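K.L.:
Sequence and predicted structure, then a few things I'm wondering about:
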Amino acid sequence: MRPLSTSTEKDLRHLLNEWDPIGVADLMQDEYDCMLAPLLGRLRGSAGQTEIGEFLRHELGDHFGLDPLGLRPDAMAARVIAWWTSAGPAGGAVSE
């Protein structure tokens with residue numbers, strides 16, 4: 001496993017802000033930072049799209065109080081996995 005980098009966190013923050021499920025990323029760039037460490041920990045532990053999607057669904061419902069159905073957590077999970085896979089050594093992704 002490679003260590004996490006500030007760049008890795010910044011890139012994941014950017015993805016979460018683009019998704020912006022509560023619609024505040026233009027005003028609060030750190031609104032989703034509560035998900036950075038848990039997501040990166042799961043990715044470092046080789047979590048797949050299903051596990052990432054379940055985490056996002058849980059956060060949307062339990063943490064943010066939103067109905068996750070219309071927010072497409074599974075599509076975001078796919079995007080996170082694709083980013084992590086393509087990030088390679090410089091991005092902090094796990095090499096297989």
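P.N.:
Cool, the structure landed.

K.L.:
Would you mark the buried spots in stretch 16-34?
P.N.:
If you call a residue buried by 16 or more other Cβ atoms under 10 Å, then stretch 16-34 has these buried ones: Leu16, Asn17, Trp19, Pro21, Ala25, Glu31, Tyr32. Every residue, glycine included, has its C-beta placed from N, CA and C.

K.L.:
Tell me the one of those nearest Glu9?
P.N.:
The closest of the buried residues of stretch 16-34 to Glu9 turns out to be Leu16 (Cβ to Cβ; 10.4 Å).

K.L.:
Apart from its neighbours in sequence, what residue is nearest that closest one?
P.N.:
Tyr32 (3.9 Å; Cβ to Cβ, 6 or more residues apart in numbering).

K.L.:
ok, now how distant is that neighbour from Ser46?
P.N.:
As for Tyr32, its distance to Ser46 is 22 Å (criterion: Cβ to Cβ, to the nearest Å).

K.L.:
Check which helices and strands the longest helix along the chain sits against.
P.N.:
Using DSSP state H, we find that the single longest helix of the chain is helix 73-91. Judged by 3 or more Cβ pairs under 8 Å, 6 or more residues apart in numbering; DSSP states H and E, helix 73-91 is in contact with helix 6-19, helix 36-44, helix 49-58.
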